[in-house]
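> pasting the structure only:
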């Protein structure tokens, strides 16, 4: 907190007046980050009904941009030192995947690009399970992945299995 207060040009007392603990500060940082991600995704998702593949590429690029900022040691430290914040991150991540990928997968099915024999709910649960299993500090380190490369690999594997031949021809 001393270093942060110094960088901000304020006293530690002033910093603690706004954030009563390190955990409160960390929570505010994560909530601000999620707000930024959701703002970006909200700009992308309205176009999904007109051009599924372009929207998918924009959505994935946005997620890649935002996850590149996250370093594995930071995620590991948050999980270990602030488990309640880590749970908040997992809850918000789950809600975002439901909201944005669920809508996009539904539009992809209507456009004939995503297989219709697999429900969007099942697709989302498979995506969530993969993200939960891989996007944690231990597994990322074990696999030699960053959050950005891990997320990209998960999406690539899942999409490869659900895109129709029509969808593949449009890629």
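Good, I have the coordinates. Quantities reported herein were computed from a predicted structural model and do not represent experimental measurements.

> Quick check: mean pLDDT of stretch 38-54?
Averaging pLDDT along stretch 38-54 yields 84.

> Would you mind listing the outside residues contacting it?
Stretch 38-54 is touched from outside by 55-56, 58-59, 62, 66, 96, 100, 103-104, 107-108, 110-111, 113-114, 167, 170-171, with contacts defined as C-beta atoms under 8 Å, 6 or more residues apart in numbering. In short, each C-beta sits where N, CA and C put it, glycine included.

> could you redo the last one with a cut-off of 10 Å?
55-63, 65-66, 92, 95-96, 99-101, 103-114, 163, 167, 170-171 (C-beta atoms under 10 Å, 6 or more residues apart in numbering).

> Buried among the residues you listed? Need that as a selection in ChimeraX.
Filtering the contacts of stretch 38-54 down to the buried ones (16 or more other C-beta atoms under 10 Å) takes a single ChimeraX command:
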select :55,56,58,59,60,62,63,66,92,96,100,101,103,104,105,106,107,108,109,111,113,114,163,167
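
> Run through the strands of the chain in chain order.
For the chain, strands defined by DSSP state E do not occur.

> remind me which residues of it are low pLDDT?
Scanning the chain for pLDDT under 70 picks out 47-49, 171.

> rerun at 80
1-2, 4-5, 8, 47-50, 68-72, 137, 168, 170-171 (pLDDT under 80).

> Enumerate every residue touching residue 22.
With C-beta under 10 Å, 6+ apart, residue 22 has these contacts: 1, 4, 16, 81, 82, 85.

> from what I can see residue 125 touches residue 119, true?
Yes. Residue 125 is in contact with residue 119 according to C-beta atoms under 10 Å; the separation is 9.2 Å.
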